[in-house]
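Undergrad: pasting the structure only:
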C-alpha cells in the first residue's frame, strides 16, 4: 500500500472534517465531474456538502466515510506532486475509487 493510500484511509469520520476537505479541493479547482467519479451514488459535491451539514459522524468504513477517504486520497495525491505525476482530478478520482471501493448497497426488503 502506498503512503497516500495509507494516509487517506485515516480520514476522519467527522462530517465537519469532510466538509473542510471538500472546501480545500474546491479551492484547487476540483470539479463536479471529478466528485461524481468518486461518489458511490454519482452525487454532486454540493449535495454531499449539504448532507454533511446535518450529520456529525459517518459510519466507520461506510460509504460516506469512504467518500471522505477517497477525497483525502485525491487531495493528498495532488499535494504530493511526485505521487500525482501531473494527473488531473478525474484520473485521481478514478484511482481513488479503485483503491477505496464503495460498499455495494443492498436492496431493502418490502
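TA: All right, it came through fine. Because the structure is predicted, anything quoted here is derived from the model rather than measured.

Undergrad: Output the below-cut-off pLDDT ranges for the chain.
TA: Counting by pLDDT under 70, the chain contains low-confidence residues at 1, 81-86, 107-110.

Undergrad: The residue nearest the centre of the chain sits in which helix or strand?
TA: Nearest to the mean C-alpha position of the chain, by Cα atoms, centre = their mean, lies residue 71 at 2.7 Å. Applying DSSP states H and E as the criterion places residue 71 in helix 63-79.

Undergrad: Could I get the buried residue list for that helix?
TA: If you call a residue buried by 16 or more other Cβ atoms under 10 Å, then helix 63-79 has these buried ones: 63-78. C-beta here means a position set from N, CA and C on the backbone, and glycine is covered the same way.

Undergrad: Stretch 28-40 too?
TA: 30, 34, 35, 37, 38, 39, 40.

Undergrad: could you pull out the helices for this structure?
TA: Remark: helices assigned in the chain by DSSP state H are 3-8, 15-27, 32-38, 45-53, 63-79, 81-84, 89-99.

Undergrad: I'd like to know which elements the third one is packed against.
TA: Right, helix 32-38. Counting contacts by 3 or more Cβ pairs under 8 Å, 6 or more residues apart in numbering; DSSP states H and E, helix 32-38 is packed against helix 45-53, helix 63-79, helix 89-99.

Undergrad: hmm, 6 Å instead?
TA: Packed against helix 32-38 by the contact rule (3 or more Cβ pairs under 6 Å, 6 or more residues apart in numbering; DSSP states H and E) you find helix 89-99.

Undergrad: Check what contacts the helix it packs on and list those residues.
TA: 5, 30, 34, 37, 38, 70, 73, 74, 77 (Cβ atoms under 6 Å, 6 or more residues apart in numbering).

Undergrad: what's the answer for stretch 44-52, then?
TA: 15, 18, 19, 22, 32, 35.

Undergrad: The same query, at a cut-off of 10 Å, please.
TA: 14-20, 22-23, 25-26, 30-36, 38-39, 41, 43, 58, 64, 67-68, 71 (Cβ atoms under 10 Å, 6 or more residues apart in numbering).

Undergrad: circling back to that earlier point, distance of the residue nearest to the centre of the chain relative to residue 7?
TA: 12 Å (Cβ to Cβ, to the nearest Å).
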